[in-house]
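Q: I would like the atomic coordinates for the input below:
(chains A, B, C and D)
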Amino acid sequence: MIDKRVAGPAEAVADIHDGATVMIGGFGEAGSPIELIHALIDQGASDLTVVSNNTGSGEVGLAALLKAGRVSKVICSFPRTANSTVFPELYRSGRTKLELVPQGTLAERIRAGGAGIPAFYTPTGVGTPLAEGKETREFDGQEYLLERGLRADFALIKGRLADTHGNVIYNKTARNFAPPMAMAAAVTIVQVGEVVDPGGLDPEAIITPGIFVERVVEVATPAHESELVAAGSTYP
Amino acid sequence: MIDKRVAGPAEAVADIHDGATVMIGGFGEAGSPIELIHALIDQGASDLTVVSNNTGSGEVGLAALLKAGRVSKVICSFPRTANSTVFPELYRSGRTKLELVPQGTLAERIRAGGAGIPAFYTPTGVGTPLAEGKETREFDGQEYLLERGLRADFALIKGRLADTHGNVIYNKTARNFAPPMAMAAAVTIVQVGEVVDPGGLDPEAIITPGIFVERVVEVATPAHESELVAAGSTYP
Amino acid sequence: MSQTQINGRTREEMAQRLAQDIADGSYVNLGIGIPELIAKFVPEGREVIYHTENGLLGMGPSPIKGEGDPELINAGKRQVTALPGAAFFHHADSFAMIRGGHLDLSVLGALQVSAEGDLANWSTGEPDAIPAVGGAMDLVAGVKKVYVITQHCTKEGEPKLVERCTYPLTGRRVVDRVYTDLAVIDITPDGFRLVELSPGVDFETVQERTGATLLPADGATR
Amino acid sequence: MSQTQINGRTREEMAQRLAQDIADGSYVNLGIGIPELIAKFVPEGREVIYHTENGLLGMGPSPIKGEGDPELINAGKRQVTALPGAAFFHHADSFAMIRGGHLDLSVLGALQVSAEGDLANWSTGEPDAIPAVGGAMDLVAGVKKVYVITQHCTKEGEPKLVERCTYPLTGRRVVDRVYTDLAVIDITPDGFRLVELSPGVDFETVQERTGATLLPADGATR
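A: Residues are numbered from 1 along each chain as shown, chains lettered A, B, ... in the order given. So this is what the prediction gives:
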């Protein structure tokens, strides 16, 4: 019988190794798998490469993982937040490296990685500093950059509902990077508000088919990052 | 007010010009927009390039469009059907050219065209006759082929329900090529069983957002190709 | 440069002016800042569908206080609503819309715009700054029309419309039109060309505050 | 070649034999023909999820007569059902699963398999034939394991396991294992290696009907 549930966030992230590449879903707090990230902080893995659109806010969730010194590199489109000084300090001190990627190129690189496409051409970034060192090529008179697919050892994402086969549906704009990340990681771990039996989700409305998901963790009442930040929380 | 409905199939396909590239959804009969194809036969446009996974069956729908001599080229993965002699005759006589593309490469080329990706690398077809004349390149020790994105002037697809904004949901495996084709065509025309008002579809479950759809036609009781073929029907 | 104080359009008036040029039925992405003001000025009778790159078409205004969802936000990470006919999608699909040329209009702020239509709006290039690009490079590379809305000059009085951008580029030859407090200006193969002056502003004033030649409006005699 | 009649496995027995090697929890794509027979032989207690490349994971058996939907079909265009836990998706996503290495196993028929694992199964290369490739090239290029199930020889008695394929290739070095009426054979860096003989079939018989050297099973003494 296929049952991808694991007991809790700690069990779900137990085997993330030092040096792993970890994709982390979310756009700002929407879709940020905060309980999985906190479990990863507790677990202790370090020298991580994190692929995520942002770098967190306050000193909880992704910002707390960075603050704990576990991340040696971020691959990211927008590592600036009004209310976090964590990443700026790490970046300026050189302790965390940054690979800055335009947001759509980041999404497409992840999707390509998951789809077995090693590289593709894109018009985004041509003629800008982010094209430096990248191969360019003309198609039909227009110039494009060559970009590589991105894969990861693990993806940590957040959904609204999953079934025990790992089929997932999301909540509104919390969907964002989760579906392509689920495709691109060797092990995809999803936290959801509720796990249902197979057949409990409409097969026409499933966004991430279970084939892309290895582990499902129920977190019935996930924290909201903005509330934690407003309350001045820190983790651990 | 945005209202993408048009009165019927004839109005929907009226401006398809001679020499147009037309993507036609469907995998076998599932998702084949048979009423739109028949309207295109009536309309008379010729010298078409058709992008479709198959070449139809019997002498209705896509096979009838071919039989009417309107198609100068097909871009296709599987142009053989047990119960149609239409395409084989056209192919052998040289009246219709064939660009044979592996099914996944066809789907990805269409998706790339719709996503603004002019070209990508794929492992599919390396070392086979379908790699002839194609550029190859190694990434991380493995060989890949360069494939080009595909775009079209028109796409004819079939959905189950749409709203007046052009948001579409599909029926089971009739979804197949329709969503990427809707992305890749300048003008996408969808026939659906029913058109509802905006808000009538769950925004979490929409498969093709309306931005990809230009015209919506209600065909309340579409014909089933297999039934027409079994009855020995021909069109016109 | 010594400049006399000119009372051009306010931010709201700039947004209102730009809104007149958004066609009925358009799919539009509005950037953060002044662009966010535009939606409320779109003339009645026109239906415009707003895209936010974090996964929503059919974005509506901010929610009533207390009724928002922290997982229903716009690209500026502010809570929004979803209108009837809205659709949610993931980031790869969202940027397929952008890159694939499906959006009609992107409106962005700017640090500099060049006479060739180059845009710089993501980085001042200061060595200690944290670089952050977001979706701007994708928007300018993919969307059918790119309008910039910006003050004509910096707070220090330096022109933002220039011969060549000195800040790092967001995109090359991507801007179609610029809406400033002083004027509306097209980017043409010949460079900046005036479309119209803001009320009470004359051509010479705009030229004086522009870092490249400004061509008179088409058909205008000077 | 003159060959005596050997009674190896029937098509059903071949399918049954292969089914024993499908692990619990696998995601599997079964090709058209003999591969379609496999599902019913998977041992009880194992749950296998079937993928059909036209857009369904969780494919179930044929519907009860009269209860099918002509828009719920498999890649062979036959009506099927969707089991609880199934998901529908479009073709680009379906082949992302295939190409991205997410499926555990693809089972296909063959015209020829070479000692290096090359597969030819889509075209006999006859000049008048209508070429049709479907999804086979994608499956062999992307799926983690590729098993071939086929008669050991053609109807004319020619070996299908050969030194080099003479028919047009579907993929180069893609086959992991071959299940025939006579034997189960691995493709190894050293070439064909016997895994096991069908009941009542001896090594020499299999070697005689194989167009390349057959290595004995690992650990076997001869």
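Q: Which parts of chain A are strands?
A: With DSSP state E as the criterion, chain A has strands at A:21-24, A:48-51, A:71-76, A:97-100, A:119-122, A:136-139, A:142-148, A:152-163, A:168-169, A:185-196, A:215-218.
Q: Quick check: pLDDT value at C:Thr4.
A: Confidence at C:Thr4, expressed as pLDDT, is 62.
Q: next one: C:Thr221
A: On the pLDDT scale, C:Thr221 gets 56.
Q: got JSON lines for the strands of chain A, with mean pLDDT and distance to B:Leu156 too?
A: Placement of C-beta: from N, CA and C, glycine included. Output for those, formatted as JSON lines (pLDDT from 0 to 100; distance: least, Cβ to Cβ, whole Å):
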{"stretch": "strand A:21-24", "mean pLDDT": "98", "distance to B:Leu156": "37"}
{"stretch": "strand A:48-51", "mean pLDDT": "98", "distance to B:Leu156": "39"}
{"stretch": "strand A:71-76", "mean pLDDT": "98", "distance to B:Leu156": "40"}
{"stretch": "strand A:97-100", "mean pLDDT": "97", "distance to B:Leu156": "42"}
{"stretch": "strand A:119-122", "mean pLDDT": "98", "distance to B:Leu156": "27"}
{"stretch": "strand A:136-139", "mean pLDDT": "98", "distance to B:Leu156": "27"}
{"stretch": "strand A:142-148", "mean pLDDT": "98", "distance to B:Leu156": "28"}
{"stretch": "strand A:152-163", "mean pLDDT": "98", "distance to B:Leu156": "35"}
{"stretch": "strand A:168-169", "mean pLDDT": "98", "distance to B:Leu156": "30"}
{"stretch": "strand A:185-196", "mean pLDDT": "98", "distance to B:Leu156": "36"}
{"stretch": "strand A:215-218", "mean pLDDT": "98", "distance to B:Leu156": "39"}
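Q: Quick one: name the residues of chain A near chain D.
A: A:1-2, A:111, A:113-117, A:163-165, A:167, A:183-184, A:197-199, A:203-204, A:206, A:209-212 (Cβ under 8 Å from any Cβ of the partner chain).
Q: Just the buried ones from those residues, in PyMOL syntax?
A: In PyMOL, this line selects whichever of the residues of chain A next to chain D come out buried by 16 or more other Cβ atoms under 10 Å in any protein chain shown:
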select buried, chain A and resi 2+111+113+114+115+116+117+163+164+165+167+183+184+198+203+204+206+209+210+211+212
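Q: so which of the residues of chain A next to chain D are also by chain C?
A: A:Arg111.
Q: dump the residue contacts of A:Ala200.
A: I think there's a mix-up here, since residue A:200 is Gly and not Ala. A:Leu161, A:Asp163 (Cβ atoms under 8 Å, 6 or more residues apart in numbering or on different chains).
Q: same deal with the one 3 residues further on?
A: For A:Pro203, the residues meeting the contact criterion (Cβ under 8 Å, 6+ apart) are D:Gly58, D:Ala82, D:Ala86, D:Ala87, D:Phe88.
Q: In three-state terms, label C:Ala87 for me.
A: strand (DSSP: H, G, I helix; E, B strand; the rest coil).
Q: Would you mind measuring from it to B:Leu146?
A: 33 Å (Cβ to Cβ, to the nearest Å).
Q: Over to C:Gly219?
A: 48 Å.
Q: more crowded one of those two?
A: Comparing C:Gly219 with B:Leu146 by other Cβ atoms under 10 Å in any protein chain shown, the one with more neighbours is B:Leu146, at 16 against 5.
Q: Find the nearest non-adjacent residue to residue 33, please.
A: Unless you meant another one, I'm taking chain A. Excluding the flanking residues, the one nearest A:Pro33 by Cβ to Cβ, 6 or more residues apart in numbering or on different chains is A:Lys158, at 4.1 Å.
Q: let's do chain C instead
A: Spatial nearest neighbour of C:Gly33, chain neighbours left out: C:Gly109 (4.7 Å); criterion: Cβ to Cβ, 6+ apart.
Q: Narrow the residues of chain A next to chain D to those in helices?
A: When DSSP state H is applied, the residues of chain A next to chain D are split such that A:Arg111, A:Gly113, A:Gly114, A:Ala115, A:Met183, A:Ala184 fall in helices.
Q: show me what contacts the first one?
A: In other words, A:Arg111. A:Pro180, A:Met183, A:Ala184, C:Ala92, D:Ala96.
Q: pLDDT below threshold where in chain C?
A: By pLDDT under 70, the weakly predicted segments of chain C are C:1-4, C:220-222.
Q: Can you tell me which residues in it are near chain B?
A: So far as Cβ under 8 Å from any Cβ goes, chain C lies against chain B at C:24-25, C:27, C:47, C:49, C:51, C:57-58, C:82-89, C:93, C:95-103, C:141-142.
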